[in-house]
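**Student:** Based on what follows, work out the 3D shape:
(one chain, ligands or ions: 3)
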Amino acid sequence: MEYKIALIPGDGIGPEIVREARKVLDAVCSKYGHKFIYSEVLLGGASIDVHGVPLTEEAVETAKASDAVLMGSIGGDAKTSPWYKLEPSRRPEAGLLAIRKALNLFANLRPAYLYQELKAACPLKEEVIGEGFDMIIVRELTGGLYFGERKTVEENGIKTAVDTLSYNENEIRRIAVKAFDIAMKRKKKVTSVDKANVLDSSRLWRKVVEEVAKDYPEVTLEHMLVDNCAMQLVHNPGQFDVILTENMFGDILSDEASMVTGSIGMLSSASLNDTKFGLYEPSHGSAPDIAGQNKANPIATILSAAMMLRYSLDLDREADAVEAAVQKVLTEGYRTGDIMSEGCRPVGTAEMGDLIAAAV
Ligand SMILES: NC(=O)c1ccc[n+]([C@@H]2O[C@H](COP(=O)([O-])OP(=O)(O)OC[C@H]3O[C@@H](n4cnc5c(N)ncnc54)[C@H](O)[C@@H]3O)[C@@H](O)[C@H]2O)c1
Ligand SMILES: CC(C)[C@H](C(=O)O)[C@@H](O)C(=O)O
Ligand SMILES: [Mg+2]
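**Tutor:** Numbers count the residues shown, from 1 in each chain. Ligands and ions are numbered 1, 2, ... in the order given. Model prediction:
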């Protein structure tokens with residue numbers, strides 16, 4: 001079969017990790033006889049350098065005309081990059097938020113899974129890890145603080161900056177439905193994370209999640225305050241199955257959860273709307289500190305490509321093959337620096353991609 005994929009290398013380590021994911025997809029094509037037609041799209045700093053803006057209308061149109069989007073990461077070092085001298089609305093991050101909104105990608109799925117082989121890379125003690133760790137964060141992605149009214153006003157020489165956190169019932173309901181649907185295919189437990197002891201938006205969140213839960217009698221629902229959740233993730237991570245949460249809490253908790261899997265370089269993600277279409281990207285950023293050094297772990301991007309095969313292209317067998325290839329290479333002991341432990345075989349970004357592609 002033929003599929004159209006929009007490819008967004010982005011900035012920093014983005015082009016390096018996307019290159020490796022593409023190698024793996026090439027291996028999938030030759031093994032299973034598919035053809036992927038790629039259109040390269042500029043986003044973030046890469047788009048600013050060429051077009052002066054972090055996202056163009058043309059880029060959105062190319063993404064929309066594709067079956068799925070595969071992305072690396074955007075952004076740079078805020079201290080040194082000229083992109084951060086621009087107005088906030090013209091910086092790389094604004095491009096990422098704008099494409100998420102333009103494509104209505106309200107559901108961000110971030111699976112956090114600890115491979116048995118990576119237990120030594122996980123900073124938690126053996127007894128805390130227990131049987132292991134296999135959960136998914138379902139993060140609302142097009143609402144909340146990221147998209148509320150934002151302004152800075154000055155009165156009597158004193159500046160006040162305002163960010164607005166708002167959610168309506170429909171926005172909460174559609175992400176809750178996603179989380180419960182996912183829980184039905186897993187261990188049937190949803191932990192809805194909020195700050196209902198303080199925030200009105202969280203109190204509405206809780207009420208709507210309770211309503212949605214009525215349609216899923218088999219799923220156990222619990223509510224947890226976000227500060228407790230941050231603690232529980234490192235105290236007893238095995239208790240979680242599906243974490244359902246709003247945009248900013250999900251951003252923070254997913255980076256925290258990533259360390260339980262050994263490294264942020266392991267955390268894949270899918271951003272979905274209510275069609276088959278999706279944007280797939282690792283949960284981490286452009287890692288300017290290691291960009292261009294062949295040090296980045298490409299596995300989060302490769303696992304995101306596997307999610308793309310499964311969710312947007314309906315290629316389950318091919319997704320299984322990519323996941324099995326990652327498993328095989330880890331079992332053989334190959335590690336990039338971020339997941340390295342004693343006795344393992346050190347490799348760089350490109351070698352890791354070669355090994356996984358060969359294992360496919
Ligand atoms: N989705 C995205 O594109 C995305 C996500 C997060 C941050 N960002 C942007 O990335 C830039 C850098 O942000 P940051 O430094 O706070 O976060 P980051 O995720 O880029 O890096 C945090 C730390 O993790 C390491 N790291 C990240 N990915 C890795 C990988 N694949 N392999 C090995 N190590 C890895 C980095 O070297 C760094 O030490 C900022 O401009 C930020 O806005 C973009
Ligand atoms: C770069 C930034 C806007 C983005 C976010 O906060 O959503 C990133 O941290 C992520 O997790 O995808
Ligand atoms: Mg983040």
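
**Student:** what's around the closest residue to D26 other than its chain neighbours, how many residues?
**Tutor:** Leaving aside its chain neighbours, D26 sits nearest to A357 (6.9 Å; criterion: CB to CB, 6 or more residues apart in numbering). Glycine gets a C-beta too; all of them are placed from N, C-alpha and C. By other CB atoms under 10 Å, 22 other residues sit near A357.

**Student:** same deal with G333?
**Tutor:** 13.

**Student:** Distance check, it against ligand 2.
**Tutor:** The gap separating G333 from ligand 2 is 30 Å, by CB to the nearest ligand atom, to the nearest Å.

**Student:** check contacts around that residue.
**Tutor:** 117, 343-345 (CB atoms under 8 Å, 6 or more residues apart in numbering).

**Student:** at 6 Å what do you get?
**Tutor:** G333 is in contact with 344-345, counting by CB atoms under 6 Å, 6 or more residues apart in numbering.

**Student:** swap in M248?
**Tutor:** 144-145.

**Student:** go on, G265?
**Tutor:** 297, 300, 338.

**Student:** again, only this time at 7 Å
**Tutor:** Neighbouring residues of G265 by CB atoms under 7 Å, 6 or more residues apart in numbering: 284, 296-297, 299-300, 336, 338-339.

**Student:** and the helix or strand encompassing the residue nearest to D26, C-alpha only, in PDB?
**Tutor:** Assigned by DSSP states H and E, A357 belongs to helix 349-359. Taking C-alpha atoms only, helix 349-359 is exported to PDB below (Å, rounded to 0.1, in the frame of the first residue of the first chain):
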ATOM      1  CA  THR A 349      22.200   7.700  17.400                       C
ATOM      2  CA  ALA A 350      23.000   6.400  13.900                       C
ATOM      3  CA  GLU A 351      24.200   3.000  15.100                       C
ATOM      4  CA  MET A 352      21.100   2.500  17.200                       C
ATOM      5  CA  GLY A 353      18.900   3.400  14.100                       C
ATOM      6  CA  ASP A 354      20.900   0.900  11.900                       C
ATOM      7  CA  LEU A 355      20.500  -1.900  14.500                       C
ATOM      8  CA  ILE A 356      16.800  -1.400  14.900                       C
ATOM      9  CA  ALA A 357      16.300  -1.200  11.100                       C
ATOM     10  CA  ALA A 358      18.300  -4.300  10.600                       C
ATOM     11  CA  ALA A 359      16.300  -6.100  13.400                       C
END
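
**Student:** So for it, mean pLDDT?
**Tutor:** Averaged across helix 349-359, pLDDT comes to 98.

**Student:** Could you do stretch 38-46 as well?
**Tutor:** The model assigns stretch 38-46 a mean pLDDT of 98.

**Student:** Which stretches in the stretch 51-200 of the chain count as strands?
**Tutor:** Using DSSP state E, counting those that start in this stretch, the strands of the stretch 51-200 of the chain run over 68-73, 107-113, 134-140, 150-155, 158-163, 189-194.

**Student:** same for the second one, what does it pack against?
**Tutor:** In other words, strand 107-113. strand 134-140, helix 247-260, strand 270-272 (3 or more CB pairs under 7 Å, 6 or more residues apart in numbering; DSSP states H and E).

**Student:** hang on, the earlier thing: you'd agree the residue nearest to D26 is up against A27?
**Tutor:** Yes - counting by CB atoms under 7 Å, A357 touches A27, with 4.2 Å between them.

**Student:** ok, and what's touching stretch 80-88?
**Tutor:** 45, 48, 76, 78, 91-92, 94.

**Student:** List the buried residues of that stretch.
**Tutor:** Residues 81, 83-84, 86 are the ones in stretch 80-88 that count as buried (16 or more other CB atoms under 10 Å).

**Student:** can you check stretch 131-148 too?
**Tutor:** 133-147.

**Student:** Could you tell me the phi and psi values at the closest residue to I182 other than its chain neighbours?
**Tutor:** Leaving aside its chain neighbours, I182 sits nearest to V242 (5.6 Å; criterion: CB to CB, 6+ apart). Reported as degrees, to the nearest 10, the phi and psi values for V242 are phi -120, psi 120.

**Student:** Touching, V242 and M184? I think so.
**Tutor:** No - look at V242 against M184 with CB under 7 Å: they stay out of range, at 9.7 Å.
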